[in-house]
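K.L.:
Below are the sequence and a predicted model; questions follow.
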Amino acid sequence: METKNTSEMPGANRDEDSGQYQETYPDEDFVDALDEHGPTGTQAVADAVGCSYDHAYKTLRRLEAEGVVSSDRVGNARLWKVDEEAD
C-alpha cells in the first residue's frame, strides 16, 4: 500500500519541474480586490483574496512601499486604495 507524504508543509505549492514555491496569492489579486471594492479595509481585501488578515496586511504594506497602493488611517482602521499615480 502506498503512503502519502505528510512531511510537506500544508499549502506549499511547488512547481514540479523547478521545485520552486509558486505564489499562492499573486499581487494582482490584491490590486483587483481594491479596484473592485474601492477604498476598503484590510479584512475586506483578505476576504476578497481568500487569505488571512495578516497575509493581506503584510502584502498591502509591501505594495504600499512599492508605490502600487496607498492607505489612509481612519480611526483604528486603515483604508487601502490603488495608488492612482502608479497606473
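P.N.:
Looks like it arrived, so ask away. Residues are numbered from 1 along each chain as shown.

K.L.:
What's the local residue count around Y25?
P.N.:
If you count neighbours by other Cβ atoms under 10 Å, Y25 ends up with 15. Glycine gets a C-beta too; all of them are placed from N, C-alpha and C.

K.L.:
Check A33 too.
P.N.:
When counting by other Cβ under 10 Å, one arrives at 21 neighbours for A33.

K.L.:
Hmm, it is touching A48, no?
P.N.:
Yes. A33 lies in contact with A48 (Cβ atoms under 8 Å); the separation is 3.8 Å.

K.L.:
Mind naming the longest helix for this structure?
P.N.:
Counting residues, the longest helix in the chain under DSSP state H turns out to be helix 53-65.

K.L.:
who touches that one?
P.N.:
Helix 53-65 has contacts (Cβ atoms under 8 Å, 6 or more residues apart in numbering) with 25, 27, 30-31, 42-43, 45-46, 49, 51, 69-71, 80, 83.

K.L.:
Run through this structure and note the low-pLDDT ranges.
P.N.:
Applying pLDDT under 70 to the chain picks out residues 1-16, 18-23, 85-87.

K.L.:
is it true that S70 lies in a helix?
P.N.:
No. Residue state for S70 (DSSP: H, G, I helix; E, B strand; the rest coil) corresponds to strand; a helix is not indicated.

K.L.:
how about it, what does it touch?
P.N.:
Residues near S70 by Cβ under 8 Å, 6+ apart: E64, W80, K81, D83.

K.L.:
where along this structure do the helices fall?
P.N.:
Using DSSP H, helices in the chain cover 27-37, 42-49, 53-65.

K.L.:
so which of those helices gets nearest D17?
P.N.:
Smallest distance to D17 across the helices of the chain (Cβ to Cβ): 23.0 Å, for helix 27-37.
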